[in-house]
Every structure is written in structure tokens, then in C-alpha cells.
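J.: Here is a sequence with its predicted model. Questions after.
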Amino acid sequence: RAVLDARRTAVAFAQKEAARRAGMAKEGVGSRQAQEQAQLDLQIKQNATMEATARLRLVEAGTRPEEIAALEAQLKRAQAELEFIDQKLRDMVVIRAPIDGVVLTPKFRERLNESVEAGGLICEIANTTTVRAEIFVAERETDTVMVGMPVVVKVESYPLHPFTGKVGFIAPAVESRDKTNVVRVVATLDNPDGMLRQDMSGYGEVDCGRRSVLDLVTRRFLRWIRVRFLI
């Protein structure tokens, strides 16, 4: 009987929660999925109450075969409905990621069973087959860098393993790093083995093509003239 009383208390609480969720959904501050989940939770608790009631009556029935058989049938129906609704609820709360990748959120397992509001962040997932690397090029060298140029990157974790890619983006503004003006160049790199990971550091080279010695000397001389007489 104590179990039955506990089941009835749970049903009362679930009824209030379902009503609250329905009101929130009606006012536009709650999701329809949350409302449906609350309704399913209510059904589960109601069926659990029916099951507990049937068990109690079965105990109280004593040895009357007809009543025992009827209560056993009622108990089986309640159990079947409970299993069906429980499975439906589990299917509802499965969240599938839109892409294949690696979970970047730290200590994600510790967040299991936490409540998340509609539109809230659950975790961050990255597709690591291709990655982006930020290369900071000295301002004076950016006039030769263009989108589509080949890039070779070496990270400190794998100094003998070059990763290749192409320039995909050149920042429109200059920024200061270590008291030096630089331009952020973003390269897209192939990473089929998943060796490159978030926040790795290293060095990158942009292949700007071959130039003659005269071209390089003239270019540096002109740059010196421009800087020397800059007003």
C-alpha cells in the first residue's frame, strides 16, 4: 500500500508538470516536445499506479481464482502499456547530431541528465576530416598572399609530419600580436586521420610561387622607400 501511495503522489506531481508545460507551450515560452514529454511521463506514472493497484488487489484477493485471473490480466495490460510508453519516451529524447564528428565539449558525460531549455547548447561537435588553421602573416608580406594558394603546416606534436591545404580566407584588417602587425590567414587542411586537434600550435608556410632574385631585391627596396618616406 505504501508503494501505491507513492505512485499516486508521483501521478499528482506529473499532472501538475504536464499542465505547466502545456501552458508554457500555449504561451510560446516552452517547446511542443517538452509538453509531449511531460504528457508521456504522466502516462508512465499513471500506468505504474495501475500496476501497483492491480498488485495490491491481487494480494488482497486471497485465493479467489476468478478475481485473481482478472487482476493478472489487468496487470499484464498495464505492464505492456508501460513498456510501450517508456520506449516511445526514450525515442523522443534521442538527439541526433546533424554531422559526424568528435565531441569537443569537455567533461560532457558529467552533463548527462541535465535539463536543457529549448534552443540551448547541448555540446559542440566538430567534423575533423578537414580543419581550419590560423596563420598570422607579417603585414609586409601579405601583398603576395592570395586565396587558393597552397599551404604547408607543421604542428609541434608532429614536427616531421607536414599537413597540406589551401588558403581559404584572408582577414580584411590588421591586428597586433607580440608587438608586430600581422594579418590573419585561414587555411583549410586535410585531416583524414584525425591527427590535427583543436588548439594545436605550430608553423605554417604559404607557397606564393617562384620569384626571381631581382624581383625580390626590387620589391624589398621599394618597400624600404615607402616606409622611409611614410608621412
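T.: All right, it came through fine. Residues are numbered from 1 along each chain as shown.

J.: Quick one: mean pLDDT over the helix or strand hosting Pro162.
T.: Here Pro162 sits within strand 158-177, counting by DSSP states H and E. Mean pLDDT, strand 158-177: 89.

J.: Name the strands paired with that strand and say parallel or antiparallel.
T.: Each strand paired with strand 158-177, and its direction, by DSSP bridges: strand 150-155 (antiparallel), strand 180-190 (antiparallel).

J.: Dump those to JSON lines, plus distance to Ala171, mean pLDDT and mean neighbour count.
T.: Where C-beta positions appear, they are placed from N, C-alpha and C, glycine not excepted. Listed next are the strands paired with strand 158-177 as JSON lines, based on distance: least, C-beta to C-beta, whole Å; pLDDT from 0 to 100; neighbours: other C-beta atoms under 10 Å:
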{"stretch": "strand 150-155", "distance to Ala171": "15", "mean pLDDT": "88", "mean neighbour count": "18"}
{"stretch": "strand 180-190", "distance to Ala171": "4", "mean pLDDT": "88", "mean neighbour count": "17"}
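
J.: Indicate which one of those strands is closest to Val206.
T.: When the strands paired with strand 158-177 are compared by C-beta to C-beta, strand 150-155 sits nearest Val206, at 5.5 Å.

J.: which residues are contacting that closest one?
T.: Residues outside strand 150-155 that contact it (C-beta atoms under 8 Å, 6 or more residues apart in numbering): 133, 135, 160-167, 187, 189, 196, 200-207.

J.: What's the ChimeraX syntax to select whichever of those residues are buried?
T.: Filtering the contacts of strand 150-155 down to the buried ones (16 or more other C-beta atoms under 10 Å) takes a single ChimeraX command:
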select :133,135,163,165,167,187,189,196,204,206
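
J.: Identify whichever of the strands paired with strand 158-177 lies nearest to Ile122.
T.: strand 180-190 (26.6 Å).

J.: partners of whichever helix or strand comes after the closest one in the sheet?
T.: Scanning forward in sequence from strand 180-190 by DSSP H and E, the next helix or strand is strand 202-206. Partners of strand 202-206 in the sheet, by DSSP bridges, are strand 150-155 (antiparallel).

J.: what about this protein, any weak spots by pLDDT?
T.: Within the chain, the set of residues satisfying pLDDT under 70 comprises 1-75, 78-79, 81-82, 84-94, 209-231.
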